[in-house]
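J.: This is a predicted model, with the sequence first.
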Amino acid sequence: MSDCIFCKIINGDIPSATIYENDEFKAILDRFPANKCHVLIIPKKHVENIFSIEPKLAGRLFEFAAKLAPIMKKTFGFDNMNVVQNNGVIAGQTVNHFHIHLIPRYENDSVNVSWKQLELTDEQIEQTRNALEESINL
Ligand code: 5GP
Ligand code: ZN
């Protein structure tokens with residue numbers, strides 16, 4: 001994808017603070033971080049989001065996230081982290097190339113990952129559960 005920022009970073013057309021890479025993905029520091037040591041894990045193949053990524057590739061990216069997180073924790077001495085993965089404009093995705101955010105959390109920082117809780121009845125929950133369960137055919 002010639003107009004994709006992350007493809008340009010993967011290709012080396014745009015420089016990045018790379019902390020790790022293999023044949024399948026690259027882990028870099030976010031240039032406009034939410035906090036110190038905000039890491040992005042980016043597949044080298046251009047895939048837009050969770051709806052189109054090959055599930056096994058997504059699994060390997062999350063496996064790496066689970067390996068990297070404790071290393072980040074030990075290196076920077078924080079105890080808390082948000083793992084964020086946005087899909088689509090409404091969900092806050094600004095770069096349409098799949099990526100996982102690892103965002104360290106520090107006491108009294110200014111990061112905000114939150115939502116207002118909906119008041120649903122047990123019946124509404126059951127309708128949703130039922131519809132999804134019927135659709136799952138893995
Ligand atoms: P999204 O909003 O799509 O979930 O996250 C995109 C992320 O990419 C943002 O956190 C943003 O700061 C980061 N970003 C955008 N442009 C660049 C860039 O040129 N280099 C790096 N390292 N990060 C970028
Ligand atoms: Zn791309």
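T.: Here it is on my side, so go on. Ligands and ions are numbered 1, 2, ... in the order given.
J.: From here on, just use CA atoms for contacts and neighbour counts.
T.: Noted.
J.: Which helix or strand contains Ile41?
T.: Ile41 belongs to strand 39-43 when assigned by DSSP states H and E.
J.: show me the contacts for Ala69.
T.: With contacts taken as C-alpha atoms under 8 Å, 6 or more residues apart in numbering, Ala69 has the following neighbours: Leu102.
J.: where's it, which helix or strand?
T.: helix 55-76.
J.: Would you give the sheet partners of the strand holding Ile41, along with the direction of each?
T.: Strand pairing for strand 39-43, using DSSP bridges, gives strand 25-29 (antiparallel), strand 100-105 (antiparallel).
J.: Give me the buried positions along it.
T.: 39-43 (16 or more other C-alpha atoms under 10 Å).
J.: Dihedrals phi and psi, the most far-flung residue of the chain relative to its centre?
T.: Largest separation from the mean C-alpha position in the chain: Glu123, at 32.2 Å (C-alpha atoms, centre = their mean). Phi and psi for Glu123, reported as degrees, to the nearest 10, are phi -70, psi -40.
J.: Return the residues of this protein in contact with ligand 1.
T.: 16, 29-33, 86, 92-95 (C-alpha under 6 Å from any ligand atom).
J.: need those residues in CSV with secondary structure, pLDDT and distance to Met1, can you?
T.: Supplementary listing: those in CSV, determined by DSSP: H, G, I helix; E, B strand; the rest coil; pLDDT from 0 to 100; distance: C-alpha to C-alpha, whole Å:
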residue, secondary structure, pLDDT, distance to Met1
Ser16, coil, 98, 18
Leu29, strand, 98, 21
Asp30, coil, 98, 20
Arg31, coil, 98, 20
Phe32, coil, 98, 22
Pro33, coil, 98, 24
Asn86, coil, 98, 19
Gly92, coil, 97, 20
Gln93, coil, 98, 17
Thr94, coil, 98, 15
Val95, coil, 98, 12
